[in-house]
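> Please work out how this folds:
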Amino acid sequence: MMKIDAFAHILTPDFYQTMLKIDATIPQKYPFIKIETLVDLNQRIANWPDKNTKQVISFANINPEDFVDGEKASQIAQEANQELSTIVASYPDYFEAGVGMLALNNVPASLEILEKIKTDKNLVGAQIFTRHLGKSIADPEFEPILLKAAELHLPLWLHPVFDNRKPDNNLVFSWEYELSQAMLQLVQSDIFKKAPNLKILVHHAGAMVPFFSGRIDHILDPEHAEMFKNFYVDTAILGNTPALQLTIDYFGINHVLFGTDAPFAVMPSGADEIVSNAIENLDISDLYDKKIFETNYYHMLERQ
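Numbers count the residues shown, from 1 in each chain. Model prediction:
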C-alpha cells in the first residue's frame, strides 16, 4: 500500500549552514541536529524506511524569527523554501511535497511568502508553531496568517515548541500540553468562525484532546467543543493502537493522516514501521487503512 507520511522533518543543507553562521552554538542548543539523516540527504536516502512511503517534509523547528530581525528572517525563510522545493523536485521517489517556512516577526512578508508557496508546485502549505515570539499562535497579531492560509486554501502544519516561561520543559509531556493548549486557544479565538475552511494539521494525534474530550464537552459550550473536530491530526505517537483508535473515534476517520515524525525517535530513519503496524492493528477495514495512509492527505489538500 502506498503511504504518504504527512509530517516528516528535514534540515536542508544550505539553510542549516546559514543558521550556523548566525549562531554556531545551535547544535548544542538543539541536540536533535545530531541525527545524521535529518541533515544529510545521502544518508537519509540510503536509510529510507519503506519503499512504499513518500514523505511530506517540513523544517525542524529552528526558526529564523528567533535569531534575526523580521527582514532577515523573511529573506532566510524564502531562500529555505526555494531550497526545499528544489529537493522535493530532485527526489520525487522519496518526497511527496514540502511544507514552507514563515517568519512571524514579519507578518506582511509572511503573507507574501504564503502567496509564493501557493504558486510552487512542490510546496503544499506552511508550518506554524504553538508559540511564536513568546506569544500563542492564537494571538491576534498572527491572525492575518491564518486568514490568508484559509483564503489560499493552504493547509497549515502545527508543530509544538516549548513555552520558555516554564522551568520544566521536557519532550515526554510538554509538547503534548503545548499542542493541546494551542488548539484550545485557536478554538476560543473563533478562528474557525472567521475562516470555516481553514485546515490545520496537528502533530502527535491531537495530543491530549481525544483523551480529555469529556472535559472539553462539559466545560466548553457545545459550539466551541465541536470546533475541535475541525482540526486534522497525524498518527505520530510511536505506536499505541488503542490511542490511535481513540483519536479516530474523536476526530473522525477522515481527519486522521499517517505521520511518523521521521527521522526522529527510531534511528536511523524514524518510526515508520512502528506507526504503520499500529495503524494496521486497528480494527478497521482496509478502506479505512488507505484513508489514513494516503487519501486523507489528498482530501486535506482538496485534491481528489
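> which residues in the stretch 201-304 of the chain form helices?
In the stretch 201-304 of the chain, the segments counted as helices under DSSP state H, counting those that start in this stretch are 213-219, 222-227, 241-251, 272-280, 286-290, 296-300.
> Check which helix or strand the residue nearest in space to the middle of the chain maps to.
Ranked by distance to the mean C-alpha position of the chain (Cα atoms, centre = their mean), the top residue is W157 at 3.6 Å. With elements taken from DSSP states H and E, the one containing W157 is strand 156-159.
> following that strand, which helix or strand comes up?
From strand 156-159 onward toward the C-terminus, using DSSP H and E, the following helix or strand is helix 174-188.
> Give me the distance from that next one to the chain's centre.
The chain centroid and the centroid of helix 174-188 are separated by 14 Å, computed with Cα atoms, centre = their mean, to the nearest Å.
> Adding mean pLDDT, write the helices of the stretch 201-304 of the chain out as TSV.
What follows is the helices of the stretch 201-304 of the chain, written out as TSV (pLDDT from 0 to 100):
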stretch	mean pLDDT
helix 213-219	98
helix 222-227	98
helix 241-251	97
helix 272-280	97
helix 286-290	92
helix 296-300	98
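> Looking at the ones you listed, spot the one closest to V202.
Closest of the helices of the stretch 201-304 of the chain to V202 is helix 241-251, at 9.1 Å (criterion: Cβ to Cβ). Just so you know, the C-beta spots here come from the backbone N, C-alpha and C atoms, and that holds for glycine as well.
> what helices or strands is that closest one leaning on?
In terms of contacts (3 or more Cβ pairs under 8 Å, 6 or more residues apart in numbering; DSSP states H and E), helix 241-251 is packed against strand 232-234, strand 256-257, helix 272-280.
> Out of the helices of the stretch 201-304 of the chain, which is closest to L20?
Set against L20 and scored by Cβ to Cβ, those come closest in helix 272-280, at 28.8 Å.
> Run a quick neighbour tally on the closest residue to W157 other than its chain neighbours.
With sequence-adjacent residues excluded and distances taken as Cβ to Cβ, 6 or more residues apart in numbering, W157 is closest to Q127, at 4.5 Å. The number of residues packed near Q127 is 22, by other Cβ atoms under 10 Å.
> and Q127, that's in a helix?
No: membership of Q127 in a helix is not supported by DSSP: H, G, I helix; E, B strand; the rest coil, which gives strand.
> Would you mind measuring from it to D261?
As defined by Cβ to Cβ, to the nearest Å, Q127 lies at a distance of 13 Å from D261.
> one step back: just name the most buried of the helices and strands packed on helix 241-251.
Compared across those, strand 232-234 shows the largest average neighbour count, a mean of 28 (mean count of other Cβ atoms under 10 Å).
> Quick one: mean pLDDT for that strand?
Strand 232-234 shows a mean pLDDT of 98.
> contact partners of that strand?
Contacts of strand 232-234 from elsewhere in the structure, counted by Cβ atoms under 8 Å, 6 or more residues apart in numbering, are 6-7, 155, 199-206, 247, 251, 255-259, 296, 300.
> Can you list the strands that it pairs with?
The pairing partners recorded for strand 232-234 under DSSP bridges are strand 200-202 (parallel), strand 256-257 (parallel).
> V266: neighbour count?
A count of nearby residues for V266, using other Cβ under 10 Å, gives 17.
> er, A271 actually
Neighbouring residues of A271 were enumerated by other Cβ under 10 Å; the total is 24.
> ok, it touching A262?
Yes: using Cβ atoms under 8 Å as the test, A271 is close enough to A262 to be in contact (7.0 Å).
> Quick check: the nearest residue to N230 once chain neighbours are set aside vs Y232, distance?
If you skip the residues right next to it in sequence, N230 has F192 as its closest partner in space, 4.9 Å away by Cβ to Cβ, 6+ apart. Plainly put, F192 is 13 Å away from Y232 if you go by Cβ to Cβ.
> What of I284?
Counting by Cβ to Cβ, the gap between I284 and Y232 amounts to 18 Å.
> nearest to I26, of the helices of the stretch 201-304 of the chain?
Ranking the helices of the stretch 201-304 of the chain by distance to I26, with Cβ to Cβ as the measure, places helix 272-280 first at 27.0 Å.
> Using PDB, list the CA coordinates for the closest one.
Presented in PDB, the C-alpha positions along helix 272-280 are these (Å, rounded to 0.1, in the frame of the first residue of the first chain):
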ATOM      1  CA  ASP A 272       7.600   4.300  10.000                       C
ATOM      2  CA  GLU A 273       7.400   0.600  10.900                       C
ATOM      3  CA  ILE A 274       6.100   1.200  14.500                       C
ATOM      4  CA  VAL A 275       3.500   3.700  13.400                       C
ATOM      5  CA  SER A 276       2.400   1.600  10.400                       C
ATOM      6  CA  ASN A 277       2.000  -1.500  12.500                       C
ATOM      7  CA  ALA A 278      -0.100   0.400  15.000                       C
ATOM      8  CA  ILE A 279      -2.500   1.500  12.200                       C
ATOM      9  CA  GLU A 280      -2.600  -2.000  10.600                       C
END
